[in-house]
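> I would like to see how this sequence folds:
(one chain, ligands or ions: 1)
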Amino acid sequence: MSVRFNGKYLNGFVREDEFSHIWPQVELAHKQLEDRSGPGSDFLGWVNLPRDYDREEFARIKAAAQKIISDTDVLIVIGIGGSYLGARAVIEAVGSIQYNSVCKATPQIFFAGNTISPNALNDLMVICEGKRVSVNVISKSGTTTEPAIAFRVFKKYLEERYGVEEARKRIYATTDARKGTLKELADAEGYESFVVPDDVGGRFSVLTAVGLLPIACAGIDIDALMAGAAAAADKLSVCDPTNDCYRYAAARNILYRRGYCVETLVSYEPNFTMMNEWFKQLYGESEGKDGKGLMPTSVINSTDLHSMGQFVQDGARIMFETVVDIKKPVRDFLVEADAENRDGLNFLAGMGLAEVNRKAMLGTILAHNDGGVPNIVLETESLGEYDLGYLIYFFERACAISGYLLGVNPFDQPGVESYKKNMFALLGKPGYEAQKAELEAKLG
Ligand code: PA5
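Reported below is the predicted structural model:
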């Protein structure tokens, strides 16, 4: 099965015939994706990636991961956006961050270059003290400011600590195959390098070396991850109204046209927090353009029912929820009977927390339905590697189909440039002099 679309909780919000009405548009979107006739078709490398990836590089990724595991206590992964979120999402989903930090024989993995905060960088420097450190710097363009700053710092740190030669053996670069500042630096220094394929955009790159090297360093089975994604690629590329991925894309588009302009991704597993973040980038950057798009938001329940729950139940009726229903927890936890029962919880005795969590989910879906919030449920077996690989591909493909249904190019991100230009101008980067004066006048 791996991901099943359950539309039961759309009853009363979406009629079944609306799926038939939108289906010809889904077929067109499918055709655009398959025959590469849609906008952004230079960036469709992710479509067949799980079936058709570079086996030689894959073997090098595994070998590099083994070396890092054997000689490293702390791996610093430098990157931002698509060069960051996927790896962190998978690492935290498959193991939990607490479990990995305490129990696993693999390096602790920390992420840098995804913020300009000096506090965050200072914290990492302290964490590295007395530990064996390696760095994986990831940037497709090789010029992104946030990771470039972090890499400048960690390159110097490793060189001072280990000497230039050993530092070079502890730095792994993932970047463009041919061009960019990072590529030039990696070649000049002789860093072991991995490739971000030209035809795979950052937010679709988790199943390339961008995600796979850090994920393998966490001891996660990348063969199973790719196998799950390959199974999804096989199953979900069949254009049929029973295609769960296409039903999901259709449902969110039908809801959007009905005025629900916010999609909240919901999980009941804290380990899913960074998957939520990955999802938000994938959908936000792909759809939010030309004045259109669903705004992706997320919650982790039941935690966030105690903060966002009031709004979802009772606030402005602008959102629908997509609940990722993960059937099996890694380890359940039994509630024991207590002879005194002073907390009144004996009605739960003998029950696993997985069951309690499930009842919280079902109760919440029904309550939110009553409050006027449509719910889509995506059912998946587990957060194991295979199922997660399937889920990742499911979301990627649904995102592409959704973008085409919306009439946008899901593979560009022109809006991301505006802040960069202003930041460079305000920082006095050469070439931005005119803008600097203009912006300073506005700031007063
Ligand atoms: O999805 C994207 O394209 C972006 O999020 C990029 O991945 C992000 O800006 C980082 O870019 P780069 O990998 O070139 O440093």
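> helices or strands next to the helix or strand hosting residue 59 in the packing?
Using DSSP states H and E, residue 59 falls within helix 55-71. Applying 3 or more CB pairs under 8 Å, 6 or more residues apart in numbering; DSSP states H and E, one finds that helix 55-71 contacts strand 133-139, strand 192-195, helix 209-217, helix 222-236. To be clear about C-beta, it is placed using only N, CA and C from the backbone, and glycine gets the same treatment.
> the ligand is nearest to which of these?
strand 133-139 (3.3 Å; CB to the nearest ligand atom).
> tally up the residues packed near residue 197, please.
21 (other CB atoms under 10 Å).
> which residues does the residue of the stretch 301-444 of the chain at minimum distance from the ligand contact?
The minimum distance from the stretch 301-444 of the chain to the ligand, using CB to the nearest ligand atom, falls at residue 413 (5.6 Å). Going by CB atoms under 8 Å, 6 or more residues apart in numbering, residue 413 touches 201, 285, 289.
> if you set the cut-off to 7 Å instead, what comes out?
residue 285 (CB atoms under 7 Å, 6 or more residues apart in numbering).
> now do it, the pLDDT please.
We have a pLDDT of 92 for residue 413.
> roughly how far apart are residue 126 and the ligand?
In this view, residue 126 and the ligand are 26 Å apart by CB to the nearest ligand atom, to the nearest Å.
> out of the helices and strands packed on helix 55-71, the one nearest residue 60 is which?
strand 192-195 (7.2 Å; CB to CB).
> and the spatially closest residue to residue 10 that is not a sequence neighbour, what pLDDT?
In space, residue 10 comes closest to residue 374 once its chain neighbours are excluded; the distance is 5.2 Å by CB to CB, 6 or more residues apart in numbering. pLDDT recorded at residue 374 is 98.
> next, the residue in the stretch 201-350 of the chain that the ligand sits nearest to: phi, psi?
Closest contact between the stretch 201-350 of the chain and the ligand, by CB to the nearest ligand atom, is at residue 202 (2.2 Å). Backbone geometry at residue 202, expressed as degrees, to the nearest 10, gives phi -50, psi -50.
> and for the one 3 residues further on?
According to degrees, to the nearest 10, the main-chain angles of residue 205 amount to phi -100, psi 10.
> do residue 398 as well
Dihedral angles (degrees, to the nearest 10) for residue 398: phi -60, psi -40.
> OK, contacts around it?
245, 248-249.
> how about these in CSV, adding secondary structure, distance to residue 41 and neighbour count?
Converted to CSV, the contacts of residue 398 look like this (DSSP: H, G, I helix; E, B strand; the rest coil; distance: CB to CB, whole Å; neighbours: other CB atoms under 10 Å):
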residue, secondary structure, distance to residue 41, neighbour count
245, helix, 19, 25
248, helix, 22, 23
249, helix, 18, 27
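> which one of these is nearest to residue 32?
residue 249 (12.6 Å).
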